[in-house]
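In: okay, here's the prediction I keep looking at, along with the sequence it came from:
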Amino acid sequence: MSLKIPQTLTSELVRLNVVSEAALGELIKTAQAEEKDFSRVLVEKNIISDKDLLALESSLYRLPIVELEKIELDKEAMKEIAEDVVSFYKIVPFAKEGNVLKVGMLNPEDVGALEALKFVAEDKGLALEKYVLSLKDFDAILRQYRTLTGEVGKALESLTEELGEKEGGVRSIDEITAD
């Protein structure tokens, strides 16, 4: 896994004396060794709170904050981007208004995530509105994605079983009429 370290954010953390250059190097090594998102390491090591990190990112990247716990998620928007893409790139579609898809991001510097969003937008004829979101909100929505994916999987399994039973019935009728 190629871990994306947000260079603009790391520089700003050092500039603001939130962390020293030496400590930053150790935090980056920890993130890489544990294959964790850099912001998650910052919060887990109590370098900065999730809330303060979110405010810093909003200011730094000039993106609005989305607090997903305060809004109702749009299930149709969630269907626009597959769970594996959400999980890998740490991006979350949370609302769709007309042809505008609103997406929260954990790392707005992640070029791969930005390219994935661009591809989805072009493929589906959508405009994007990007936001920053907290680790807490990302984790919560990822659980919802997995629940939604699980529900769809169960529904497909049930449908497959029903179709299998019907096909079995058709075969029996074919066998009977063949005699």
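Out: Received, thanks.

In: can you pull out the strands in the protein?
Out: Counting by DSSP state E, the chain has strands at residues 91-97, 100-105, 127-132.

In: tell me what the first one is packed against?
Out: This points to strand 91-97. Other helices and strands packing on strand 91-97, by 3 or more Cβ pairs under 8 Å, 6 or more residues apart in numbering; DSSP states H and E, are helix 75-78, helix 83-89, strand 100-105, helix 111-124, helix 135-178. Every residue, glycine included, has its C-beta placed from N, CA and C.

In: ok, back up a step: indicate which one of the strands of the chain is closest to residue 37.
Out: With respect to residue 37, and counting by Cβ to Cβ, the nearest of these is strand 100-105 at 11.3 Å.

In: packing partners for that closest one?
Out: Strand 100-105 packs on strand 91-97, helix 111-124, strand 127-132, helix 135-178, going by 3+ Cβ pairs under 8 Å, 6+ apart.

In: residues contacting the shortest one, please?
Out: By Cβ atoms under 8 Å, 6 or more residues apart in numbering, the surrounding residues in contact with strand 127-132 are 54, 57-58, 61, 63-66, 94, 99-106, 108, 117-118, 121.

In: how is this structure partitioned into domains?
Out: 7-48, 68-161 (the TED database).

In: hey, least reliable of the ones you listed by pLDDT?
Out: Mean pLDDT values for these show the minimum at domain 68-161, a mean of 84.

In: buried residues in stretch 112-132, which are they?
Out: 113, 114, 116, 117, 120, 121, 126, 130, 131, 132 (16 or more other Cβ atoms under 10 Å).

In: try stretch 72-82
Out: Those would be 73, 74, 77, 78, 80, 81, for stretch 72-82 by 16+ other Cβ under 10 Å.
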